[in-house]
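K.L.:
Give me a model of this one.
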Amino acid sequence: MLRYYKIIPVLSYLFLLTGCLSNPVVPDHSCNESMPVELSELDYLLFANKMIDDLTASNSINKLADQRRLNVFVAQLENTTPEAINLEQIKLAVENRLKRSAKFNLLDEPNQANYIVSGGFSEIAGDCNVRTHEFKLIMQSKSSNQIIWSQYTNYFH
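P.N.:
Numbers count the residues shown, from 1 in each chain. Next up is the predicted model:
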């Protein structure tokens, strides 16, 4: 009977020791399978149209445009993402939407304008499978450099 008391602690110690020697299981976070999301030109145009609708409906713009139309220059949009985006088409859509609002006079020269609308596409975060991009539009006073209105949309690519 005394021998069993000696064998039980030895066996218990061996079981514990084998548990400590095993390799831990780590979840695999590899980037082997990429699931890209393809956005069309229409998606980018929808982003721009929604933003311009929000701009023309904003309180700050309505207060300024109550007295007279605002003289605005739309700057060339920027794209710092690896995606091919037709920036000319989006700029044209922004300009057309601003014209139709009847709150803005679009000017061809930035030195004649009181306000500048600028913006573009940038990559703000990413991992191996999903990249987060941002489309941002900003309207600022040219004289004071004060931002009158800004909005951004995040999308995944």
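
K.L.:
can you tell me how far the most centrally placed residue in the chain sits from residue 53?
P.N.:
When the chain is reduced to its mean C-alpha position, the nearest residue by Cα atoms, centre = their mean turns out to be residue 134, at 2.1 Å. Distance, residue 134 to residue 53, by Cβ to Cβ, to the nearest Å: 19 Å. Heads up, the C-betas are built off the backbone N, CA and C, glycines and all.

K.L.:
With residue 85 as the reference, measure out to residue 41.
P.N.:
Counting by Cβ to Cβ, the gap from residue 41 to residue 85 is 8 Å.

K.L.:
out of those two, which sits in the more crowded spot?
P.N.:
Comparing residue 41 with residue 85 by other Cβ atoms under 10 Å, the one with more neighbours is residue 85, at 18 against 12.

K.L.:
Which helix or which strand is home to that one?
P.N.:
Using DSSP states H and E, residue 85 sits within no helix or strand.

K.L.:
wait, it sits on residue 48?
P.N.:
No. Checked against Cβ atoms under 8 Å, the pair residue 85 and residue 48 is beyond contact range at 10.7 Å.

K.L.:
show me the residues around the residue nearest to residue 70 when sequence neighbours are not counted that make contact.
P.N.:
Take residue 70 and drop its neighbours on the chain: the residue closest to it by Cβ to Cβ, 6 or more residues apart in numbering is residue 104, 5.2 Å away. Residues in contact with residue 104 (Cβ atoms under 8 Å, 6 or more residues apart in numbering) are 65, 69, 70, 71, 72, 98.

K.L.:
ok, and the closest non-adjacent residue to the last one?
P.N.:
Among residues not flanking residue 98 along the chain, residue 104 sits closest, at 4.6 Å (Cβ to Cβ, 6+ apart).

K.L.:
any idea what residue 68 is structurally, helix, strand or coil?
P.N.:
coil (DSSP: H, G, I helix; E, B strand; the rest coil).

K.L.:
What is the burial count for it?
P.N.:
9.

K.L.:
and if you look at residue 118?
P.N.:
For residue 118, the neighbour count with other Cβ under 10 Å is 17.

K.L.:
Identify the bridge partners of it.
P.N.:
residue 138 (DSSP bridges).
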